[in-house]
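Novice: Okay, here's the prediction I keep looking at, along with the sequence it came from:
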Amino acid sequence: EEEEEEEDIDIMYGLLHQALVRYLSSLHDGESLVAEVIAQTGIEGRIDDFFRYYSDQETMRLMKIASEVTGMEMNDLYFQCGLKASFTFTDNGYTDVLLTLGKDLFTFLGNLDSLHDNFLAAFPMMKVPSVIPERNDDDTITLHYYSHREGLAPFMMGTLKSVADALFDLDVNVQHRAKKGVKNDHDVFHLYLNGGTLPSLEEQKIENELGRDMATIALSTQLTNDLLPWHFAVDSDLQVVSMGKHLAARMKKSIGVSCKKVFKIIVPMMAHWDFDLLKSFADKPFLFSTVKKYMLSADEYNEVVSELLFREEEVEDMSALDKVANSEGVKEGLEINSNVSSMISSAVSSARGSISKRFHRMHDMGALKLHGQMMFDPERNILIFAGNPPVKSLEEIEQHSLSLRQLPIHTHGREVLFSAMYQSISANSSNKVQEQLSQLDNAMEEVNKKKEQIDGLLHSILPQRVAQSLAKGDIPEPDSYDNVSVLFSDIAGFTNISSEVPTSEVMDMLHGLFQRFDDLSDEFGCYKVETIGDSYMVCAGCPDPCDDHAERIAALAIAMVKAAEQVVSPLDGEPLRIRIGLHSGPVMAGVVGRARPRYCLFGDTVNVASLMESNGVPGCIQATYRFTRQFLEGHDFIYAPRGFVDVAEKGKMKTFLVCGQASHPQDLILPSQTEYPDLHSEVFMAIMRPGGFQASNGNNNVTHLSSNMANLMRPITPSNNSIAGNDKRSLTFSPNLI
């Protein structure tokens, strides 16, 4: 019963799984499709391990998920997988095995069951299908396909087409003539060979008849037992008429008993106990199972073997006892004295004990399987099964108390045993190797992902060229740049904020602000150098030189002022105001340090830009004269002179305030009218005064705001839409004039 339950387990090896993965991989965006299917299956480990068996539930779920992901009908998906099946066989090294089945498609199909039968050694849990090809007069083939499973006919159709093309260069058209269901117990296909031909019947007939008259011996009973110790024969009434010695030793008296009571047919799956039907399957591999009711129990078998061994020992022991008796002076015709009688009893007991230790006692006489073929004897009108137990492991040998000498050499039973054990070891080793390779692939994929993350992080901190050099273990030489624009910014009132607000809130504020600045730096093509506290440093023209470095930095500075107004101070809830300083000039740039390398800029240009920021006006952008000279012809930036500023270590420097762009005059940035009323007026008047608007037109002539434009603009007063109370720093269009 346990064995029958094991037979009913529905599992499938990885052929269909591998074919599915191969098909999905061939589609557009196949890699992501495979990943999506794998993510939904819930199958542990690889989903396409050729040597692993999967439950039918796992396989059907896999196909259903693939159907949903691809949007394909299930039958179409099965067929496409079948078209990839031949590649799965060839990739796993079975090309030569397939070619041995025949030189043409018809012969190949006729021998396919033999291949399935031999696959059982390497795939012991496999439930093999069965096929019966029939040749038609029009050189087409009718193929009867028997399977334990439902729904695999489209997969078989695709496989037939794929194999015919791969092995025989045939473009076969496969039609599904009859489907397995209520009226049919199997599927029927019609194969059109499209130019291919079937093997000659005359050649087959000559091959079968060649040399028949050379066999002249009739086998004796003893020789039959020695050559075919596991055979059985049935007559036309299906009664057992003969049984080989090793099989008979394990069976109750079965001669004259209906074979239906003694044996069950496992393979071919479409076979049943019908004399004429079994004759037609003479070239098919058979697998029988004995019925336990007609087998000896383990105790009965052990007793029979023990008795037989005792009889053999008894003959030898009696010879020894004669010598003992003669040595004691026993005369012919006299009774054996008591001493001799005791010695005989002791010898018999010792012999039985020795016998008990000398043979392996059977503990569980399970149903015995027999593998071989059925042959028809027309002279006696009987069917003879010739074969032997298909044992494939030490456990099976011990279970049935078998030995190698009980497997005749000519049946290759011993070779099958060793081959099965070797294949099992190889398959397990292959599975382990595949598992290790899969783990290695996963590890490499994880390493690559980590590397990409590290590279991404490294490139966000260092220029790509520098990062690549560091990845190789090299520290690149510093570079000199003739003209670079540098920007420094800090937060007005940050000292008060950091001293009176919890650190976590300060960190959140800086994170929100600098995240905006980072995005803007990327947007305007500038390079973020570093942040220190509330200070943010960025440059343009380094590490990638460019001619418009001043325009990039100026546009970024304007955007940064606007972005800062979107972040509120945790101290008073008012929008942040930042100071920005700009300067252009030569710099040196390179990597400093090895443990935590930093890409740093050196030179007076950096120092001056920092001084422009620290001496700047809250909410404004202060630039040096040299910076304003770097604008290219045709720029539209608006800047006005602030005047001379007393700068530490530099003395008085003429500086400018970058106020915006002519393309957006309504968004001009001016000093606070409340905090810096004089400077506000001076700057406003400067940009309104002819010649004061510092933006060049396409003719490279300095222009100013026209009177028309001036009329459209007005200073923001406290009564106008305020962003930060009375802090008014910009100009805007009058709404009714826009």
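Specialist: Received it, and whenever you're ready, just let me know what you need.

Novice: C-alpha from now on. contacts and neighbour counts both.
Specialist: Noted.

Novice: Surely residue 477 is in a strand?
Specialist: No - counting by DSSP: H, G, I helix; E, B strand; the rest coil, residue 477 is not found in a strand; it is coil.

Novice: number of nearby residues for it?
Specialist: 10 (other Cα atoms under 10 Å).

Novice: Quick one: list the elements packing against the helix with the most length in the chain.
Specialist: Identified as the longest helix of the chain according to DSSP state H is helix 413-461. With contacts taken as 3 or more Cα pairs under 8 Å, 6 or more residues apart in numbering; DSSP states H and E, helix 413-461 sits against helix 112-122, helix 464-471.

Novice: Next, the angle from the last one to helix 413-461.
Specialist: Using axes from the mean of the first three to the mean of the last three Cα atoms, to 10 degrees, one finds that helix 464-471 and helix 413-461 are set 130 degrees apart in direction.

Novice: For helix 464-471, buried residues please.
Specialist: For helix 464-471, the neighbour count (16 or more other Cα atoms under 10 Å) marks 466-468, 470 as buried.

Novice: Quick one: neighbours of residue 293, just the number.
Specialist: Neighbour count for residue 293, taken as other Cα under 10 Å: 12.

Novice: Please name the residues that touch the closest residue to it other than its chain neighbours.
Specialist: Closest residue to residue 293 apart from its sequence neighbours, by Cα to Cα, 6 or more residues apart in numbering: residue 262 at 7.9 Å. Applying Cα atoms under 8 Å, 6 or more residues apart in numbering to residue 262 gives the contacts 254, 290-291, 293-294.

Novice: What pLDDT is listed against residue 262?
Specialist: Listed pLDDT for residue 262 reads 94.

Novice: now do the one 3 residues further on
Specialist: Model confidence at residue 265, given as pLDDT, is 93.

Novice: With residue 323 instead?
Specialist: Taking residue 323 on its own, its pLDDT is 50.

Novice: In a markdown table, list the buried residues of helix 464-471 along with pLDDT and distance to residue 553.
Specialist: As requested, the buried residues of helix 464-471 are exported to a markdown table (pLDDT from 0 to 100; distance: Cα to Cα, whole Å):
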| residue | pLDDT | distance to residue 553 |
| --- | --- | --- |
| 466 | 79 | 23 |
| 467 | 77 | 24 |
| 468 | 76 | 26 |
| 470 | 75 | 28 |
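
Novice: Closest one of the residues you listed to residue 443?
Specialist: residue 468 (23.0 Å; Cα to Cα).

Novice: what about that closest one, distance to residue 474?
Specialist: 9 Å (Cα to Cα, to the nearest Å).

Novice: which sections of the stretch 301-450 of the chain are below the confidence cut-off?
Specialist: 305, 308-365, 427, 431 (pLDDT under 70).

Novice: For the nearest residue to residue 76 once chain neighbours are set aside, list the residues it contacts.
Specialist: Counting by Cα to Cα, 6+ apart, residue 154 is the residue found nearest to residue 76 once chain neighbours are left out, at 7.4 Å. Neighbouring residues of residue 154 by Cα under 8 Å, 6+ apart: 75-76, 78-79, 82.

Novice: Which secondary structure state does residue 154 sit in?
Specialist: Strictly by three-state DSSP, residue 154 counts as helix.

Novice: And for residue 190?
Specialist: Under the three-state scheme (three-state DSSP), residue 190 adopts strand.

Novice: what's the answer for the one 4 residues further on, then?
Specialist: Put simply, residue 194 is coil when judged by three-state DSSP.

Novice: check contacts around it.
Specialist: Residue 194 makes contacts with 170-173, as judged by Cα under 8 Å, 6+ apart.

Novice: got a markdown table for these, with neighbour count and secondary structure too?
Specialist: As requested, the contacts of residue 194 are arranged in a markdown table below (neighbours: other Cα atoms under 10 Å; DSSP: H, G, I helix; E, B strand; the rest coil):
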| residue | neighbour count | secondary structure |
| --- | --- | --- |
| 170 | 19 | coil |
| 171 | 17 | coil |
| 172 | 22 | coil |
| 173 | 16 | strand |
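
Novice: any chance of these in CSV, with pLDDT and distance to residue 589 too?
Specialist: As requested, the contacts of residue 194 are exported to CSV (pLDDT from 0 to 100; distance: Cα to Cα, whole Å):
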residue, pLDDT, distance to residue 589
170, 91, 69
171, 91, 68
172, 93, 70
173, 94, 71
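
Novice: For the longest strand belonging to the chain, buried residues please.
Specialist: Secondary structure of the chain per DSSP state E: the longest strand is strand 578-592. Across strand 578-592, burial judged by 16+ other Cα under 10 Å covers 578-591.

Novice: List just the nearest of those residues to residue 273.
Specialist: residue 591 (87.2 Å).

Novice: May I ask you to confirm that the closest one is in contact with residue 470?
Specialist: No - using Cα atoms under 8 Å, residue 591 is not in contact with residue 470, being 9.4 Å away.

Novice: Common neighbours of these two, please.
Specialist: With Cα under 8 Å, 6+ apart as the test, residue 591 and residue 470 both reach residue 476.

Novice: what's around residue 143, how many residues?
Specialist: Residues near residue 143, counting by other Cα under 10 Å: 22.

Novice: so what's it bridging to?
Specialist: Taking DSSP bridges as the rule, residue 143 bridges to residue 133, residue 189.

Novice: From residue 108, how far out is it?
Specialist: For residue 143, the distance to residue 108 - Cα to Cα - is 12 Å.

Novice: now swap in residue 592 and tell me
Specialist: The value you get for residue 592 to residue 108, if Cα to Cα is used, is 73 Å.

Novice: re earlier: list the buried residues for the helix or strand following the longest strand of the chain?
Specialist: As assigned by DSSP states H and E, the chain's next helix or strand after strand 578-592 is strand 598-602. Residues of strand 598-602 classed as buried by neighbour count (16+ other Cα under 10 Å): 599, 601.

Novice: Can you give the contact residues for strand 598-602?
Specialist: 461-463, 529, 587-592.

Novice: Many thanks, we can stop here.
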